[in-house]
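Enquirer: coords below, sequence missing:
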C-alpha cells in the first residue's frame, strides 16, 4: 500500500523529536524571541484544536523535543499541522530558501510508566546542558520548560508577525498550558511529581558536568548561543543507523512485556486485514488504532476497548 503501519491509540503519552535539515541551526534562539513565540503560539493553538496535552518542550538549535499526551488519538494530524506551520513560519522569519526539517519522520517514543514520563521530561529539560550549551537548564535562552512549570505555567501568546500575520483562520492570541503527565500525576500527585522531576533534572546536570569536564570541554554559554548564525551546521558526531526506541518503561519489565504482547497482537491483526484488503474485501474491520488506512483509504477500524484505552 506504500503506507507505513502506524498504531495511534487515544490516551498515549509520547516523547517526540524532530530534527532540522542537515543539522542546520535554523531553530537557534534569537534575541527577540521570535522562534520561541512561533513554537508557543502553534503549540497553544493546535493543542486546543486537537485536544493534545503539552507537558514539556525544549527547542534546541538543530532539533526540538517535546512530551505530549494524545487523549483523542489524533497525533499524526497534530504533528503534520505543527511541523508544516512551524517550518513555514521559520522560513519566513529567516528568509530560509530550503526545507526546515529533515525528511525523516518525527521520532515517537511511547511512555509506558510514570517514571518513564519523568525521565523523558527531565531529558527534554536538561538537553541544553547535556549538549554542552549552558551549565544549567534554566540558562537556555530559547524555549524550554522548568519542573515547576508543570501544572502551573499558563502563557498568553500573541500571533507571530511571521507567516501567520495575515492568516484570518488563526486567533490573535492563544493560551499555552503545561500539564502534569497523567501517570506520574496519578501515582505521585502534583507536588511530588514536580519534586521528583527537579531531582532528575539536577542529576542529569551533574552527570553532564562530569562528562564535559572529563572531555576537557567547556559550556558555550548563553551569550554565545545567541550569537550563533542560523546558517551554521552542527559538526558533532552523530551515529547514523542507530536504533530509535519506540517505547520507554524506565526498567518496568512487566510494562514492557504487556506492551510487546499488545504490539505483536496488533501487528498480526493488521497483517490479516491487509491481506483481506488486497484480496478485495474492503469491509474488513481493522484493529483499533489503525491510522493511515482509515485516514487515507476509507478503511473501517474497531473502536479501542476501555481496557486497551487505559493501558495504551
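Expert: Everything's here; your move. Computed from a prediction, not measured in an experiment: that's the story for all the values here.

Enquirer: where does the chain have low pLDDT?
Expert: 1-4, 166, 237-243, 306-312 (pLDDT under 70).

Enquirer: what about residue 105, distance to residue 31?
Expert: 32 Å (Cβ to Cβ, to the nearest Å). For glycine as for every other residue, the C-beta is placed from the backbone atoms N, C-alpha and C.

Enquirer: Next: residue 14.
Expert: For residue 14, the distance to residue 31 - Cβ to Cβ - is 32 Å.

Enquirer: Same drill for these two, tell me which one is more crowded.
Expert: residue 14 (24 against 8; other Cβ atoms under 10 Å).

Enquirer: Would you mind naming the helix or strand containing the more buried one?
Expert: For residue 14, the host element (DSSP states H and E) is strand 12-19.

Enquirer: ok, now residue 209?
Expert: Using DSSP H and E, residue 209 falls within helix 190-214.

Enquirer: How about residues contacting that helix?
Expert: By Cβ atoms under 8 Å, 6 or more residues apart in numbering, the residues outside helix 190-214 that reach it are 118-119, 121-123, 125-126, 129-130, 132, 135-137, 147-148, 150-151, 180-181, 184-185, 188, 218-219.

Enquirer: hmm, which of these are the buried ones?
Expert: Among these, the ones that count as buried by 16 or more other Cβ atoms under 10 Å are 118-119, 121-123, 125-126, 129-130, 132, 135, 137, 147, 150-151, 180-181, 184-185, 188, 219.

Enquirer: just checking, which of those belong to helices?
Expert: The members of the buried ones among the contacts of helix 190-214 that map onto helices under DSSP state H are 118-119, 121-123, 125-126, 129-130, 184-185, 188.

Enquirer: mind listing the strands for the chain?
Expert: 12-19, 53-59, 63-70, 107-111, 154-158, 173-177, 247-248, 285-286, 300-301 (DSSP state E).

Enquirer: Okay, now the sheet partners of the fourth one, with direction.
Expert: In other words, strand 107-111. When sheet partners are counted by DSSP bridges, strand 107-111 sits next to strand 12-19 (antiparallel), strand 247-248 (parallel).

Enquirer: Only the buried residues of stretch 95-115, if you could.
Expert: Buried residues in stretch 95-115, defined by neighbour count with 16+ other Cβ under 10 Å: 96, 100-101, 106-115.

Enquirer: Rebuild those residues as a markdown table, extending it with distance to residue 157.
Expert: Below are the buried residues of stretch 95-115 laid out as a markdown table (distance: Cβ to Cβ, whole Å):
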| residue | distance to residue 157 |
| --- | --- |
| 96 | 22 |
| 100 | 20 |
| 101 | 22 |
| 106 | 22 |
| 107 | 26 |
| 108 | 25 |
| 109 | 27 |
| 110 | 29 |
| 111 | 26 |
| 112 | 32 |
| 113 | 32 |
| 114 | 29 |
| 115 | 31 |
